[in-house]
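Trainee: Kindly return the folded structure for what I paste below:
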Amino acid sequence: QGELVESGGGLVQTGGSLRLSCARPGGTFTVYSLAWFRQAPGKEREFVAAISRSGGVTKYRESVQGRFTISRDNAKNTVALQMDSLKPEDTAVYFCTADRAPIESMIARPDQNDIWGQGTQVTVSS
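Mentor: Residues are numbered from 1 along each chain as shown. I've put the predicted structure just below:
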């Protein structure tokens, strides 16, 4: 069973863009719903975006709606988070997670998600 490996984080100015990617070397994504969560210093982890197994259903937290886009490529076992119009409040460590349950369950009880990545830092300067 492969782990989740995130990449693409970095430092960007307000209004800039970053594209995060998450892969599962040695494993498959097809049976999993996928999601991105984030955690800022001193704050609790929060849901960012999720995508169903087929990719047909996506959900976003309200504050990123219209700025972030989640997508998946089941053939390549990857999930991406395109982040545009970034704001300083988007600064956080971003985590990729996978679970066999529907995305509603992943959002509601993330501690029970099957697999988590180590996270990638996103810093947005003002």
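
Trainee: so Trp116 sits right up against Asp99, yeah?
Mentor: No: contact criterion C-beta atoms under 8 Å: Trp116 and Asp99 do not qualify, at 9.7 Å. For the C-beta atoms, the positions are set from N, CA and C on the backbone; glycine is no exception.

Trainee: of these two, who's got more company?
Mentor: Ranked by neighbour count (other C-beta atoms under 10 Å), Trp116 and Asp99 place Asp99 first, with 21 against 17.

Trainee: The chain: helices as residue ranges?
Mentor: Counting by DSSP state H, the chain has helices at residues 103-108.

Trainee: could you show me where the strands are in it, in order?
Mentor: For the chain, applying DSSP state E gives strands covering 5-7, 10-13, 18-23, 33-39, 46-51, 58-60, 68-73, 78-83, 92-99, 115-116, 120-125.

Trainee: For the second one, give the mean pLDDT please.
Mentor: When you say that, I think you mean strand 10-13. Strand 10-13 shows a mean pLDDT of 98.

Trainee: Quick one: list the elements packing against that strand.
Mentor: Applying 3 or more C-beta pairs under 8 Å, 6 or more residues apart in numbering; DSSP states H and E, one finds that strand 10-13 makes contact with strand 120-125.

Trainee: same thing but at 10 Å, please
Mentor: strand 18-23, strand 120-125 (3 or more C-beta pairs under 10 Å, 6 or more residues apart in numbering; DSSP states H and E).

Trainee: Each with direction, which strands does it pair with?
Mentor: Sheet pairing for strand 10-13, assigned by DSSP bridges, gives strand 120-125 (parallel).

Trainee: so can I have TSV of the strands of the chain showing distance to Arg109?
Mentor: Listed next are the strands of the chain as TSV, based on distance: least, C-beta to C-beta, whole Å:
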stretch	distance to Arg109
strand 5-7	21
strand 10-13	30
strand 18-23	20
strand 33-39	12
strand 46-51	11
strand 58-60	15
strand 68-73	19
strand 78-83	20
strand 92-99	9
strand 115-116	13
strand 120-125	23
